[in-house]
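Asker: give the three-dimensional model of this entry:
(one chain, ligands or ions: 1)
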Amino acid sequence: MGRLDGKVALITGAARGQGRSHAVRLAAEGADIVALDVEQDIKTVAYHGADSSDLAETQRLVEPTGRGILCRHADVRDQNRLDEVVAEALDRFGHIDIVCPNAGITSYAPTWELTDAQWQDVIDINLTGAWHTAKAAIPSMIEADRGGSITFISSGAGVKGFANCAHYVASKHGVLGLMRSLAVELAKYSIRVNALLPSTVRTDMVTNEMAYRRFRPDLDNPTLEDVLPAFRTVHLLPVPMLDPSDVSDALLWLSSDEARYITGVALPVDAGSLLK
Ligand SMILES: NC(=O)c1ccc[n+]([C@@H]2O[C@H](COP(=O)([O-])OP(=O)(O)OC[C@H]3O[C@@H](n4cnc5c(N)ncnc54)[C@H](O)[C@@H]3O)[C@@H](O)[C@H]2O)c1
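Answerer: Purely as a prediction, here's the structure:
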(Lines give C-alpha, C1' and ligand atoms only; values in the text may rest on other atoms or scores of the structure.)
Protein backbone atom coordinates (compact mmCIF):
# COMPACT_ATOMS: atom_id res chain seq x y z
CA MET A 1 0.00 0.00 0.00
CA GLY A 2 1.38 3.41 -0.99
CA ARG A 3 0.40 6.59 0.79
CA LEU A 4 -0.86 8.06 -2.50
CA ASP A 5 -2.42 4.99 -4.12
CA GLY A 6 -5.02 5.93 -6.75
CA LYS A 7 -3.97 9.58 -6.90
CA VAL A 8 -2.63 11.63 -9.80
CA ALA A 9 -0.04 14.38 -9.21
CA LEU A 10 0.80 17.27 -11.54
CA ILE A 11 4.25 18.82 -10.99
CA THR A 12 5.83 21.74 -12.87
CA GLY A 13 9.58 22.20 -13.23
CA ALA A 14 9.79 18.40 -13.07
CA ALA A 15 12.72 17.91 -15.48
CA ARG A 16 15.38 18.13 -12.76
CA GLY A 17 16.15 19.27 -9.22
CA GLN A 18 13.34 19.32 -6.68
CA GLY A 19 10.60 18.76 -9.27
CA ARG A 20 12.19 15.53 -10.47
CA SER A 21 12.67 14.35 -6.89
CA HIS A 22 8.99 15.11 -6.16
CA ALA A 23 7.88 13.10 -9.21
CA VAL A 24 9.92 10.05 -8.20
CA ARG A 25 8.91 10.22 -4.50
CA LEU A 26 5.19 10.65 -5.17
CA ALA A 27 5.23 7.86 -7.77
CA ALA A 28 6.99 5.55 -5.30
CA GLU A 29 3.99 6.09 -3.00
CA GLY A 30 1.49 5.18 -5.71
CA ALA A 31 0.67 8.39 -7.60
CA ASP A 32 0.55 8.63 -11.37
CA ILE A 33 2.57 11.65 -12.50
CA VAL A 34 2.04 14.54 -14.91
CA ALA A 35 5.51 16.09 -15.27
CA LEU A 36 5.87 19.47 -17.00
CA ASP A 37 8.90 21.59 -17.81
CA VAL A 38 9.90 24.30 -20.29
CA GLU A 39 13.34 22.68 -20.81
CA GLN A 40 15.03 25.80 -22.13
CA ASP A 41 17.35 28.56 -20.96
CA ILE A 42 15.71 31.78 -19.78
CA LYS A 43 17.64 34.79 -21.16
CA THR A 44 17.77 36.76 -17.90
CA VAL A 45 18.96 33.74 -15.87
CA ALA A 46 22.72 33.23 -15.60
CA TYR A 47 22.60 29.44 -15.02
CA HIS A 48 21.34 26.89 -17.54
CA GLY A 49 17.75 25.73 -17.61
CA ALA A 50 16.87 22.06 -17.88
CA ASP A 51 17.91 20.54 -21.21
CA SER A 52 15.91 18.45 -23.62
CA SER A 53 16.94 15.11 -22.11
CA ASP A 54 16.05 16.00 -18.52
CA LEU A 55 12.28 15.26 -18.63
CA ALA A 56 13.11 11.92 -20.27
CA GLU A 57 15.41 11.16 -17.33
CA THR A 58 12.58 11.95 -14.89
CA GLN A 59 10.42 9.51 -16.86
CA ARG A 60 13.16 6.87 -16.72
CA LEU A 61 13.39 7.23 -12.93
CA VAL A 62 9.60 7.10 -12.41
CA GLU A 63 8.95 4.07 -14.63
CA PRO A 64 10.43 1.43 -12.25
CA THR A 65 7.78 2.44 -9.67
CA GLY A 66 5.19 0.98 -12.04
CA ARG A 67 3.16 4.19 -12.04
CA GLY A 68 2.09 6.03 -15.19
CA ILE A 69 3.85 9.22 -16.21
CA LEU A 70 2.90 11.84 -18.78
CA CYS A 71 5.84 14.16 -19.59
CA ARG A 72 5.12 17.31 -21.58
CA HIS A 73 6.89 20.49 -22.53
CA ALA A 74 4.99 23.42 -21.11
CA ASP A 75 5.95 26.94 -20.14
CA VAL A 76 4.07 27.98 -17.01
CA ARG A 77 3.77 31.46 -18.53
CA ASP A 78 1.45 29.97 -21.19
CA GLN A 79 -2.02 29.30 -19.77
CA ASN A 80 -3.31 27.74 -23.00
CA ARG A 81 -0.51 25.18 -23.02
CA LEU A 82 -1.14 24.27 -19.37
CA ASP A 83 -4.87 23.87 -20.12
CA GLU A 84 -4.00 21.58 -23.07
CA VAL A 85 -1.75 19.38 -20.94
CA VAL A 86 -4.32 19.17 -18.14
CA ALA A 87 -6.94 18.07 -20.70
CA GLU A 88 -4.54 15.40 -21.97
CA ALA A 89 -3.81 14.28 -18.40
CA LEU A 90 -7.52 14.00 -17.63
CA ASP A 91 -8.01 11.88 -20.79
CA ARG A 92 -5.24 9.57 -19.70
CA PHE A 93 -5.69 9.39 -15.91
CA GLY A 94 -9.29 10.60 -15.35
CA HIS A 95 -8.56 13.07 -12.54
CA ILE A 96 -5.89 15.22 -10.89
CA ASP A 97 -5.65 15.09 -7.08
CA ILE A 98 -2.30 16.67 -6.26
CA VAL A 99 -0.77 19.81 -7.76
CA CYS A 100 2.73 21.14 -7.08
CA PRO A 101 3.53 24.43 -8.83
CA ASN A 102 7.29 24.09 -8.42
CA ALA A 103 8.84 25.71 -11.54
CA GLY A 104 11.00 28.67 -10.61
CA ILE A 105 14.01 30.79 -11.56
CA THR A 106 16.16 33.48 -10.01
CA SER A 107 18.64 36.17 -10.97
CA TYR A 108 20.62 38.64 -8.89
CA ALA A 109 21.13 42.42 -8.77
CA PRO A 110 20.55 45.24 -6.31
CA THR A 111 16.85 46.16 -6.44
CA TRP A 112 17.48 49.49 -8.17
CA GLU A 113 19.61 47.83 -10.84
CA LEU A 114 17.22 44.99 -11.76
CA THR A 115 16.15 45.28 -15.39
CA ASP A 116 12.48 45.18 -16.36
CA ALA A 117 13.18 41.86 -18.09
CA GLN A 118 14.76 40.31 -14.97
CA TRP A 119 11.84 41.49 -12.82
CA GLN A 120 9.22 40.34 -15.31
CA ASP A 121 10.68 36.87 -15.94
CA VAL A 122 10.85 36.08 -12.22
CA ILE A 123 7.34 37.37 -11.49
CA ASP A 124 5.89 35.73 -14.64
CA ILE A 125 7.38 32.29 -13.89
CA ASN A 126 7.45 32.11 -10.07
CA LEU A 127 4.16 33.87 -9.29
CA THR A 128 1.96 34.14 -12.38
CA GLY A 129 3.14 30.67 -13.49
CA ALA A 130 2.11 29.22 -10.12
CA TRP A 131 -1.31 30.83 -10.50
CA HIS A 132 -1.62 29.53 -14.09
CA THR A 133 -0.79 26.01 -12.92
CA ALA A 134 -3.40 26.08 -10.17
CA LYS A 135 -5.93 27.68 -12.52
CA ALA A 136 -5.46 24.93 -15.10
CA ALA A 137 -6.07 22.11 -12.61
CA ILE A 138 -8.66 23.45 -10.14
CA PRO A 139 -11.85 23.27 -12.26
CA SER A 140 -11.34 19.54 -12.86
CA MET A 141 -10.56 18.98 -9.16
CA ILE A 142 -13.81 20.70 -8.13
CA GLU A 143 -15.78 18.78 -10.74
CA ALA A 144 -14.28 15.41 -9.75
CA ASP A 145 -15.42 16.05 -6.15
CA ARG A 146 -12.53 13.96 -4.74
CA GLY A 147 -10.92 16.70 -2.63
CA GLY A 148 -7.22 17.21 -3.28
CA SER A 149 -4.03 18.94 -2.28
CA ILE A 150 -2.17 21.86 -3.84
CA THR A 151 1.32 22.60 -2.49
CA PHE A 152 3.11 25.67 -3.78
CA ILE A 153 6.89 25.82 -3.55
CA SER A 154 7.68 29.16 -1.98
CA SER A 155 10.97 29.69 -0.11
CA GLY A 156 12.47 31.19 3.03
CA ALA A 157 12.40 34.22 0.72
CA GLY A 158 8.61 34.02 1.03
CA VAL A 159 8.74 35.36 4.57
CA LYS A 160 12.10 37.18 4.82
CA GLY A 161 13.88 39.88 2.84
CA PHE A 162 17.17 39.12 1.10
CA ALA A 163 19.59 41.45 -0.68
CA ASN A 164 20.03 41.37 -4.47
CA CYS A 165 16.91 39.37 -5.36
CA ALA A 166 13.93 41.57 -4.49
CA HIS A 167 11.98 40.25 -7.49
CA TYR A 168 12.47 36.66 -6.25
CA VAL A 169 11.54 37.65 -2.69
CA ALA A 170 8.45 39.50 -3.96
CA SER A 171 7.42 36.52 -6.10
CA LYS A 172 7.78 34.05 -3.21
CA HIS A 173 5.88 36.37 -0.82
CA GLY A 174 3.20 36.60 -3.53
CA VAL A 175 2.95 32.82 -3.75
CA LEU A 176 1.99 32.74 -0.06
CA GLY A 177 -0.82 35.25 -0.66
CA LEU A 178 -2.04 33.12 -3.54
CA MET A 179 -1.84 29.98 -1.37
CA ARG A 180 -3.81 31.55 1.51
CA SER A 181 -6.55 32.92 -0.74
CA LEU A 182 -6.97 29.58 -2.52
CA ALA A 183 -7.06 27.76 0.85
CA VAL A 184 -10.05 29.92 1.80
CA GLU A 185 -11.77 29.46 -1.57
CA LEU A 186 -11.23 25.72 -1.94
CA ALA A 187 -11.83 24.44 1.60
CA LYS A 188 -15.51 23.79 0.88
CA TYR A 189 -14.41 21.35 -1.84
CA SER A 190 -12.04 19.58 0.59
CA ILE A 191 -9.13 20.80 -1.51
CA ARG A 192 -6.26 21.74 0.81
CA VAL A 193 -3.75 24.40 -0.19
CA ASN A 194 -0.35 24.79 1.48
CA ALA A 195 3.19 25.94 0.71
CA LEU A 196 6.68 24.69 1.46
CA LEU A 197 9.47 27.10 2.38
CA PRO A 198 12.78 25.41 1.60
CA SER A 199 16.09 27.01 2.50
CA THR A 200 19.18 26.22 0.40
CA VAL A 201 18.64 23.02 -1.61
CA ARG A 202 21.33 21.22 -3.62
CA THR A 203 20.05 21.89 -7.18
CA ASP A 204 21.29 23.77 -10.27
CA MET A 205 19.61 26.94 -8.98
CA VAL A 206 22.25 27.03 -6.24
CA THR A 207 25.18 24.93 -7.50
CA ASN A 208 26.27 27.43 -10.12
CA GLU A 209 29.00 30.04 -10.45
CA MET A 210 26.68 33.03 -10.09
CA ALA A 211 25.37 31.77 -6.74
CA TYR A 212 28.91 30.97 -5.54
CA ARG A 213 30.04 34.52 -6.38
CA ARG A 214 27.19 35.91 -4.32
CA PHE A 215 28.36 34.04 -1.25
CA ARG A 216 32.11 34.47 -1.85
CA PRO A 217 32.60 37.84 -3.63
CA ASP A 218 36.14 37.83 -2.22
CA LEU A 219 37.23 34.93 -4.52
CA ASP A 220 37.90 35.11 -8.29
CA ASN A 221 36.64 31.60 -9.06
CA PRO A 222 34.70 30.27 -6.07
CA THR A 223 33.75 26.59 -6.08
CA LEU A 224 31.10 24.61 -4.21
CA GLU A 225 33.72 23.67 -1.60
CA ASP A 226 34.42 27.38 -1.04
CA VAL A 227 30.78 28.27 -0.35
CA LEU A 228 29.74 25.31 1.83
CA PRO A 229 30.93 26.96 5.08
CA ALA A 230 28.91 30.09 4.16
CA PHE A 231 25.86 27.97 3.33
CA ARG A 232 26.25 26.25 6.71
CA THR A 233 25.92 29.57 8.56
CA VAL A 234 22.41 30.03 7.14
CA HIS A 235 21.12 26.99 9.06
CA LEU A 236 20.75 26.21 12.75
CA LEU A 237 21.09 22.48 12.19
CA PRO A 238 24.60 21.39 11.15
CA VAL A 239 24.07 21.07 7.40
CA PRO A 240 25.10 23.38 4.52
CA MET A 241 22.38 22.38 2.05
CA LEU A 242 19.23 20.28 2.02
CA ASP A 243 18.74 17.47 -0.47
CA PRO A 244 15.76 17.70 -2.85
CA SER A 245 14.43 14.54 -1.15
CA ASP A 246 14.04 16.49 2.12
CA VAL A 247 11.54 18.76 0.38
CA SER A 248 9.88 15.80 -1.39
CA ASP A 249 9.25 14.09 1.96
CA ALA A 250 7.40 17.19 3.21
CA LEU A 251 5.45 17.40 -0.06
CA LEU A 252 4.52 13.73 0.23
CA TRP A 253 3.16 14.23 3.73
CA LEU A 254 1.17 17.36 2.81
CA SER A 255 -0.22 15.58 -0.28
CA SER A 256 -1.28 12.49 1.66
CA ASP A 257 -4.37 11.87 3.76
CA GLU A 258 -2.12 12.05 6.85
CA ALA A 259 -2.38 15.84 6.43
CA ARG A 260 -6.11 15.76 5.71
CA TYR A 261 -6.92 18.70 8.01
CA ILE A 262 -3.86 20.80 7.21
CA THR A 263 -4.61 23.76 4.97
CA GLY A 264 -3.37 27.33 4.61
CA VAL A 265 0.02 26.45 6.11
CA ALA A 266 3.45 27.79 5.06
CA LEU A 267 5.75 25.00 6.23
CA PRO A 268 9.50 25.72 6.49
CA VAL A 269 11.83 22.91 5.40
CA ASP A 270 14.86 24.90 6.37
CA ALA A 271 17.09 23.32 9.05
CA GLY A 272 16.00 26.17 11.32
CA SER A 273 17.18 29.02 9.11
CA LEU A 274 14.11 31.19 9.72
CA LEU A 275 15.01 31.34 13.42
CA LYS A 276 18.36 32.94 12.63
N1 LIG B 1 17.34 25.43 -4.71
C2 LIG B 1 17.03 26.18 -3.68
O3 LIG B 1 17.88 26.49 -2.83
C4 LIG B 1 15.61 26.65 -3.47
C5 LIG B 1 15.25 27.16 -2.22
C6 LIG B 1 13.94 27.56 -2.00
C7 LIG B 1 13.01 27.45 -3.01
N8 LIG B 1 13.38 26.96 -4.23
C9 LIG B 1 12.34 26.84 -5.25
O10 LIG B 1 12.23 25.46 -5.58
C11 LIG B 1 11.67 25.34 -6.90
C12 LIG B 1 12.45 24.32 -7.70
O13 LIG B 1 13.75 24.83 -7.97
P14 LIG B 1 15.07 23.91 -7.98
O15 LIG B 1 15.82 24.22 -6.76
O16 LIG B 1 14.69 22.50 -8.26
O17 LIG B 1 15.88 24.56 -9.23
P18 LIG B 1 16.13 24.03 -10.72
O19 LIG B 1 16.63 25.22 -11.46
O20 LIG B 1 16.98 22.82 -10.71
O21 LIG B 1 14.69 23.59 -11.25
C22 LIG B 1 13.73 24.49 -11.73
C23 LIG B 1 13.00 23.82 -12.88
O24 LIG B 1 11.96 24.73 -13.33
C25 LIG B 1 11.97 24.71 -14.76
N26 LIG B 1 11.39 25.95 -15.29
C27 LIG B 1 11.95 27.17 -15.28
N28 LIG B 1 11.15 28.05 -15.91
C29 LIG B 1 10.05 27.36 -16.31
C30 LIG B 1 8.88 27.71 -17.02
N31 LIG B 1 8.69 28.97 -17.46
N32 LIG B 1 7.94 26.76 -17.25
C33 LIG B 1 8.16 25.47 -16.83
N34 LIG B 1 9.26 25.08 -16.18
C35 LIG B 1 10.20 26.02 -15.91
C36 LIG B 1 13.44 24.56 -15.11
O37 LIG B 1 13.62 24.10 -16.45
C38 LIG B 1 13.91 23.55 -14.07
O39 LIG B 1 13.74 22.21 -14.52
C40 LIG B 1 11.68 26.76 -7.48
O41 LIG B 1 10.39 27.32 -7.36
C42 LIG B 1 12.63 27.50 -6.57
O43 LIG B 1 12.37 28.88 -6.54
C44 LIG B 1 14.66 26.56 -4.48
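Asker: nearest the geometric middle of this structure, what residue?
Answerer: Nearest to the geometric centre of the chain sits N102, at 1.9 Å (CA atoms, centre = their mean).
Asker: now for that residue: which residues touch it?
Answerer: Contact analysis of N102 by CB atoms under 8 Å, 6 or more residues apart in numbering lists 11-14, 18-19, 22, 153. Where you see a C-beta, it was placed from the backbone N, CA and C, and this is true even at glycine.
Asker: cool, E185 as well?
Answerer: With CB under 8 Å, 6+ apart, E185 has no contacts at all.
Asker: now the host helix or strand of it: buried residues?
Answerer: Element membership of E185 [criterion: DSSP states H and E] is helix 166-186. Across helix 166-186, burial judged by 16 or more other CB atoms under 10 Å covers 166-176, 178-180, 182-183, 186.
Asker: quick revisit: near the ligand, from the contacts of N102?
Answerer: Subset of the contacts of N102 in contact with the ligand: 12-13, 18-19, 153, counting by CB under 6 Å from any ligand atom.
Asker: and those, which is closest to H73?
Answerer: H73 lies nearest to T12 out of the ones next to the ligand among the contacts of N102, by CB to CB, at 11.4 Å.
Asker: mind listing what the nearest residue to Q40 once chain neighbours are set aside touches?
Answerer: The spatially closest residue to Q40, leaving aside those adjacent along the chain, is G49, at 5.3 Å (CB to CB, 6 or more residues apart in numbering). Taking CB under 8 Å, 6+ apart as the criterion, G49 is in contact with 38-42, 105.
Asker: which among these count as buried?
Answerer: The neighbour-count test (16+ other CB under 10 Å) applied to the contacts of G49 identifies 38-39, 42, 105 as buried.
Asker: export those residues to CSV and tack on distance to the ligand and pLDDT?
Answerer: Formatted as CSV, those follow (distance: CB to the nearest ligand atom, whole Å; pLDDT from 0 to 100):
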residue, distance to the ligand, pLDDT
V38, 4, 98
E39, 6, 96
I42, 6, 97
I105, 5, 98
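Asker: so which two of those residues are the farthest from each other?
Answerer: E39 and I105 (13.1 Å).
Asker: longest single strand anywhere in the chain?
Answerer: Longest strand in the chain, counting residues (DSSP state E): strand 191-198.
Asker: tell me which strands that one pairs with, and in which orientation.
Answerer: Here strand 191-198 is paired, per DSSP bridges, with strand 148-153 (parallel), strand 266-269 (parallel).
Asker: which of the residues in the following helix or strand past it are buried?
Answerer: Moving toward the C-terminus from strand 191-198, the next helix or strand (DSSP H and E) is helix 209-215. Neighbour-count burial for helix 209-215, counted by 16+ other CB under 10 Å, picks out 211-215.
Asker: so for helix 209-215, mean pLDDT?
Answerer: Mean pLDDT, computed over helix 209-215, is 90.
Asker: same question, stretch 64-78
Answerer: In the prediction, stretch 64-78 has an average pLDDT of 98.
Asker: how far does that stretch sit from its chain's centre?
Answerer: 14 Å (CA atoms, centre = their mean, to the nearest Å).
Asker: quick one: it near the ligand?
Answerer: Yes: using CB under 6 Å from any ligand atom, a contact is recorded between stretch 64-78 and the ligand, made by 75-77.
Asker: now the residues you listed in a markdown table, with neighbour count and secondary structure?
Answerer: Formatted as a markdown table, these follow (neighbours: other CB atoms under 10 Å; DSSP: H, G, I helix; E, B strand; the rest coil):
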| residue | neighbour count | secondary structure |
| --- | --- | --- |
| D75 | 20 | coil |
| V76 | 26 | coil |
| R77 | 17 | coil |
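Asker: quick one: residues in contact with the helix or strand of the chain with the lowest mean pLDDT.
Answerer: Within the chain, no helix or strand scores below helix 209-215, which has a mean of 90 by mean pLDDT, DSSP states H and E. With CB under 8 Å, 6+ apart as the test, helix 209-215 has contacts from 46-47, 108, 164, 205, 219, 221-224, 226-227, 230-231.
Asker: now do 10 Å
Answerer: Residues from elsewhere that reach helix 209-215 (CB atoms under 10 Å, 6 or more residues apart in numbering): 45-47, 106-108, 162-165, 200, 204-206, 219-231, 233-234.
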